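Enquirer: got a predicted structure plus its sequence, pasted below:
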Amino acid sequence: MISLAHGARYRVVFRRRREGKTDYRKRKAMILSGVPRLVVRPSLKHIIVQIVKAEPEGDKTSVFVRSSELRRFGWEAPCGNVPSAYLTGLLAGLKAVSGGIKKAILDIGLHRASPGSRVFAALKGALDAGVEIPHDERVLPERSRIMGEHIASYGRRLSEERPDLYKKLFSKYLERGIEPKDLTDHFTKVKEKMITSFEESGKLNG
């Protein structure tokens, strides 16, 4: 008996699909649209946001931002949380708009589309920068979460109830001289500095 997996009509699945890295049907639809893709890829400690356009010779990356680049604007909190994801998306969006890119479609790869997640925080940042991206408002994180109020509130409560655990869980914040309770103010200052830097340099157009 011939196995279905080895019959005459069986086609070997593309390596990246076997490895769970690429959904080729979704990718084909994005490419055929002719619109640049806002590619968002989160990891445990960072998030990467790119603007990618499919060209005959292959993908061309017009914008590449890693969350560690936020340090240039004074960001002292960790680079893998929701607020940093938003700021990374905002920075990528500002770079895109300054380079004449006004529209994009979201590409989250094979990541699960969980409403309010870092992926959609990055999307919200790009939207606020002025990039037009089709989306459902219900997937975007609430403003309080984007600003890190959930982190600040938890840190404030933990510092009072369990100071030892507070120092352990928020060691990365404390090492860089920032108190979790001050995260929302810190977020606002970094966001304003980022936008101002683009406005003053004249990179933002229309």
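Expert: That came through fine. Just so it is clear, the model here is predicted, and its values are computed rather than measured. Numbers count the residues shown, from 1 in each chain.
Enquirer: only C-alpha atoms for contact and neighbour calcs from this point on.
Expert: Will do.
Enquirer: model confidence for the residue nearest to Phe120 when sequence neighbours are not counted, exactly?
Expert: The shortest distance from Phe120 to any non-neighbouring residue, by CA to CA, 6 or more residues apart in numbering, is to Leu140 (5.4 Å). On pLDDT, Leu140 comes in at 98.
Enquirer: what's the burial count for Leu140?
Expert: The local packing of Leu140 (other CA atoms under 10 Å) involves 20 other residues.
Enquirer: can you pull the contacts of it?
Expert: Counting by CA atoms under 8 Å, 6 or more residues apart in numbering, Leu140 makes contact with Pro115, Gly116, Ser117, Phe120, Ala121, Leu123, Lys124.
Enquirer: for Ile51, same thing?
Expert: Pro36, Arg37, Leu38, Val39, Thr61, Ser62, Val63, Phe64, Ala92, Ala96, Ala104.
Enquirer: my guess is the first one contacts Asp107, does it?
Expert: In this case it means Pro36. No - contact criterion CA atoms under 8 Å: Pro36 and Asp107 do not qualify, at 9.7 Å.
Enquirer: neighbours of Leu44, how many?
Expert: For Leu44, using other CA under 10 Å, the count is 8.
Enquirer: can you tell me the closest non-neighbouring residue to it?
Expert: Per CA to CA, 6+ apart, closest to Leu44 is Gly80, 6.3 Å.
Enquirer: tell me the pLDDT of that neighbour.
Expert: At Gly80, the model reports a pLDDT of 96.
Enquirer: picking up where we left off before, turn the contacts of Leu140 into a markdown table, including distance to Phe170.
Expert: A markdown table is the format used below for the contacts of Leu140 (distance: CA to CA, whole Å):
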| residue | distance to Phe170 |
| --- | --- |
| Pro115 | 25 |
| Gly116 | 22 |
| Ser117 | 21 |
| Phe120 | 24 |
| Ala121 | 21 |
| Leu123 | 26 |
| Lys124 | 26 |
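Enquirer: in helices, which of the residues you listed appear?
Expert: Mapping these onto helices (DSSP state H) picks out Phe120, Ala121, Leu123, Lys124.
Enquirer: looking at these, state which has the most neighbours.
Expert: Leu123 leads the ones in helices among the contacts of Leu140 on contacts (other CA under 10 Å) with 34 neighbours.
Enquirer: quick revisit: next, give phi and psi for the residue nearest to Phe120.
Expert: phi -80, psi 140 (degrees, to the nearest 10).
Enquirer: output the lowest mean pLDDT helix or strand found in the chain.
Expert: Ranked by mean pLDDT, DSSP states H and E, the weakest helix or strand in the chain is helix 15-18, scoring a mean of 51.
Enquirer: any idea how far the closest residue to Lys193 other than its chain neighbours is from Asp107?
Expert: Leaving aside its sequence neighbours, Lys193 sits nearest to Phe73 (CA to CA, 6+ apart; 6.5 Å). Distance of Phe73 to Asp107, computed by CA to CA, to the nearest Å: 26 Å.
Enquirer: between the two, which is the more surrounded one?
Expert: Taking neighbours as other CA under 10 Å, Phe73 and Asp107 compare with Asp107 leading, 22 against 15.
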